[in-house]
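>>> Below are the sequence and a predicted model for it; my questions follow.
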Amino acid sequence: MVKTSLLLILLSSILVSCGEEVLTKNTVSESITTKDIESFQLTTCAQMRFNKPPVDILYVIDNSGSTLNSDFEQIKKEIKRTINTISNDFDYHIYFTPLMKGSGEDNATYPVIASDPQSFPSLANINLVTPDNLQPFAQPTGGNLEYGFQRIQEIIDNNRTNGIFRNNANTIVVMISNGDDTETLTTVGGNKVRDPSKYNSIKENLLKYTKKYAQSNSVSNPLNAETFRLISLVAHSTCFGWTPGATYKDMSKDIYNYQSLTDDGSSYDSRNLCNKNYSNLFKAVNNSIRATVEGHHYDHWKISNASEDDIEESDITVTKIKSNGTKEVIAQDSTNGFEYLGYKQNQATRYLPDVGEKVTGLVIKLNGNARVKYPDCLIAKTRTPTEYFGYMVLPREPDTTTIVVEIDGKKLDESSQNGWTYIGYRDTVNIKVPGPTNASVTPEVNKTGYVIKLHGNAIFTNGQTVEVFYKPKSI
C-alpha cells in the first residue's frame, strides 16, 4: 500500500512538470513601457531700461556795459567750450539768452541746442542750432542796472509751452556776470545794501520751480524740477575792475541748501569768474544726475518653448517672486490670475512704458493683480501631458487561449469590464485613448497588427509597463 502511494505521488509530479513545459514552450511576449511624465520649470524676470534724464540748461550771459572789458570777451569764448562737457547721458536742452534783451529780439531768436530735436512738441518757433554754429552772445547794451533773477524767471516762464523747459526735468541756470543783481539792493544812508525782504521774495519765486517746494506748497502750474540749480559764474572778489557777485553767489548757495544737495559742498554752485578756470563748470551737475530706471510692466508672459501638444494645460502652475523675495501663487482666473492662450507668434508681452517685448511660444495672459512689473519674476512650471493607452498590438496572430496580459507585473483578467479582450487584426489603430480625464489622443501612436483592447481600470498611463505573453497561432 505504501509503495502504491509513493508511485502515484511520483507519477503526479512528472505530469505537472511536463504540463509546465508544454505551457511555456514557444511562448513569446510583446511589451511597451510608456514614457514618464517630465516636468519643466522656466524662471524669467521683468526687465527695465535706463532712461536718459531730462536736463534743461539756461545760460544767462551778461551783456551790460561792463562786459566791454576784453577779459570778459575771452571768458565768453571759454564758456562756449563748456557745452562739450555736458554729459552725453543726458537728454538735454541748452538755451542761450543775454541778460539784457536787445532791440528787436524775442525768445524765438535765441539759440537752442538739443541732444534730441524730437523732444520738442514743435520746432516752428525754436531757433535750433548745432554747437558748431552757436553764436549766443549779444552785443553789450550799456547801462548798469542788472535784473538777473527777474530775467531767469522771464525766460523760463516764457519757454515752457514750446518745450524748452520741461516739467519734471533737472533745470539748471548758469548765470554769467561780472556784476551783481541790482533789483535786491536798496539805499540806506546813501549806501547800496541788500534788501532782505526783496531777496527772500525773489528766492521763494525761484524755489517754486523745485518739486520739493511744490509738494508742500500750492503752486500754480508747477515746473516740478527734479533739481533746480543756479550755477553763478561771478567774481568772488574785486578783479579786473569787476564787481563781486555776492547776491548771485548767496542765491546759488541758498537754492543748493534748500534741496539738501551734497555734490558741490565746497563751492555751493558758485564759480569764481576771477580765476578764469571753467573746465569743471558742470562737473558737480554731471556727477549728481543719474539715469532713471524705468521698470517694464507686463500683461502677457511666455511660459515655454514647447508646442501645445507637449504640455498638460490643466497642470500649469505660475508663481510670482516679488522684489522682497516673497512668493505668490497665481491662480488660473480671468480677473486676477492667468489665462492660458496656447502657442502664439510675436505676442507683445509688455504694456508699459510702451507695447513691446514680443515672444513666440506658449503664452499666458496676466489679469489684474497678476500682472508683473520690474523687478518681479515668474516661475512657470509645466509638464508633459498625461496620456492613456487602451490597446496592445501583437506582430503575430496569437492563439487566444494562451494570451496572458500583465500591467506592471500584475495579471489582468480577460474581461470587457476592467480587463482585456481580443479584437483581431487591424490595419491601423491609434493605441492612445481619452482615458478617465478625456485626454488628447494626439499626436497619434498608430500601430498595425493583432489587437488586444483594454477596458476600464486596465487602461494604462505614463510610466507603466504592459506585457503580453502568447503563443503564435501558426505554431
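Arrived safely.

>>> Where does the prediction get shaky in this protein?
1-24, 65-76, 102-108, 136-143, 278-279, 475 (pLDDT under 70).

>>> Kindly report the domain assignment for it.
39-49+295-383, 53-290, 388-470 (automatic domain parsing).

>>> now the helices for the chain?
2-24, 70-82, 148-158, 196-207, 211-216, 246-258, 283-288 (DSSP state H).

>>> could you dump the domains of the chain to TSV with mean neighbour count?
(Each C-beta comes from the backbone N, C-alpha and C, glycine too.) Listed next are those as TSV, based on neighbours: other CB atoms under 10 Å:
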stretch	mean neighbour count
domain 39-49+295-383	16
domain 53-290	17
domain 388-470	16
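
>>> among those domains, which is nearest residue 32?
Using CB to CB as the measure, domain 388-470 is the one of those that comes nearest residue 32, at 5.4 Å.

>>> Quick one: end-to-end length of that closest one, please.
Terminal residues of domain 388-470 are spaced 24 Å apart (CA to CA, to the nearest Å).

>>> Stretch 421-438 now?
Per CA to CA, stretch 421-438 runs 22 Å from first to last residue.

>>> what's in contact with it?
Residues from elsewhere that reach stretch 421-438 (CB atoms under 8 Å, 6 or more residues apart in numbering): 314, 386-393, 397-398, 400, 403, 414-415, 439-442, 444-453, 455, 459, 461.

>>> how far out from the middle of the chain is the strand ranked longest in the chain?
Longest strand of the chain, by residue count under DSSP state E: strand 338-352. Mean C-alpha position of strand 338-352 versus that of the full chain (CA atoms, centre = their mean, to the nearest Å) differs by 16 Å.

>>> For that strand, name the packing helices and strands.
On a contact count with 3 or more CB pairs under 8 Å, 6 or more residues apart in numbering; DSSP states H and E, strand 338-352 meets strand 297-298, strand 300-304, strand 356-366.

>>> Can I get it in PDB? Just the C-alpha atoms.
This file holds the C-alpha atoms of strand 338-352, laid out as PDB (Å, rounded to 0.1, in the frame of the first residue of the first chain):
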ATOM      1  CA  PHE A 338      -3.700  83.900 -15.600                       C
ATOM      2  CA  GLU A 339      -5.300  82.600 -18.700                       C
ATOM      3  CA  TYR A 340      -3.600  80.100 -20.900                       C
ATOM      4  CA  LEU A 341      -3.500  81.300 -24.600                       C
ATOM      5  CA  GLY A 342      -1.600  78.400 -26.100                       C
ATOM      6  CA  TYR A 343       1.000  78.800 -28.800                       C
ATOM      7  CA  LYS A 344       1.500  82.400 -30.000                       C
ATOM      8  CA  GLN A 345       3.800  84.100 -32.500                       C
ATOM      9  CA  ASN A 346       5.200  87.600 -32.000                       C
ATOM     10  CA  GLN A 347       3.000  88.200 -29.000                       C
ATOM     11  CA  ALA A 348       3.600  91.500 -27.300                       C
ATOM     12  CA  THR A 349       4.100  91.000 -23.500                       C
ATOM     13  CA  ARG A 350       4.700  94.500 -22.300                       C
ATOM     14  CA  TYR A 351       2.100  97.300 -22.000                       C
ATOM     15  CA  LEU A 352       4.300  99.900 -20.200                       C
END
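
>>> and it with strand 356-366, angle?
150 degrees (axes from the mean of the first three to the mean of the last three CA atoms, to 10 degrees).

>>> how many degrees apart are strand 338-352 and strand 300-304 in direction?
130 degrees.

>>> ok, residues contacting strand 338-352?
Contacts for strand 338-352 (CB under 8 Å, 6+ apart): 296-302, 307-308, 313, 316, 318, 330-333, 355-367, 370, 373.

>>> now swap in stretch 205-222 and tell me
149, 152-153, 156, 167-168, 171, 223-228, 230, 251, 255, 258-259.

>>> how about 7 Å then?
149, 153, 156, 171, 223-226, 228, 230, 255, 258-259 (CB atoms under 7 Å, 6 or more residues apart in numbering).

>>> just checking, residue 303 touches residue 366?
No: applying CB atoms under 7 Å as the test, residue 303 and residue 366 come out as separate, 10.9 Å apart.

>>> Just send the domains of the chain back as JSON lines, with distance to residue 31 too.
Conversion of the domains of the chain to JSON lines gives the following (distance: least, CB to CB, whole Å):
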{"stretch": "domain 39-49+295-383", "distance to residue 31": "25"}
{"stretch": "domain 53-290", "distance to residue 31": "67"}
{"stretch": "domain 388-470", "distance to residue 31": "4"}
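
>>> So what sits opposite residue 460 in the bridge?
residue 389 (DSSP bridges).

>>> I figured it was touching residue 420, is that so?
No: counting by CB under 7 Å, residue 460 does not reach residue 420; the two are 11.0 Å apart.

>>> what sits in contact with each of the two?
residue 454.

>>> Distance check, residue 386 against residue 35.
12 Å (CB to CB, to the nearest Å).

>>> Neighbour count: these two, which is higher?
residue 386 (16 against 9; other CB atoms under 10 Å).

>>> from memory that one sits against residue 312, does it?
Yes: at 5.8 Å, residue 386 counts as touching residue 312 under the criterion of CB under 7 Å.

>>> Now do the shared contacts for those two.
Joint contacts of residue 386 and residue 312 (CB under 7 Å, 6+ apart) do not exist.

>>> thinking again about what came up before, shared neighbours, residue 386 and residue 35?
Joint contacts of residue 386 and residue 35 (CB under 7 Å, 6+ apart) are residue 462.

>>> List the contacts of residue 400.
Counted by CB under 7 Å, 6+ apart, residue 400 has contacts residue 422.

>>> Alright, I will stop here.
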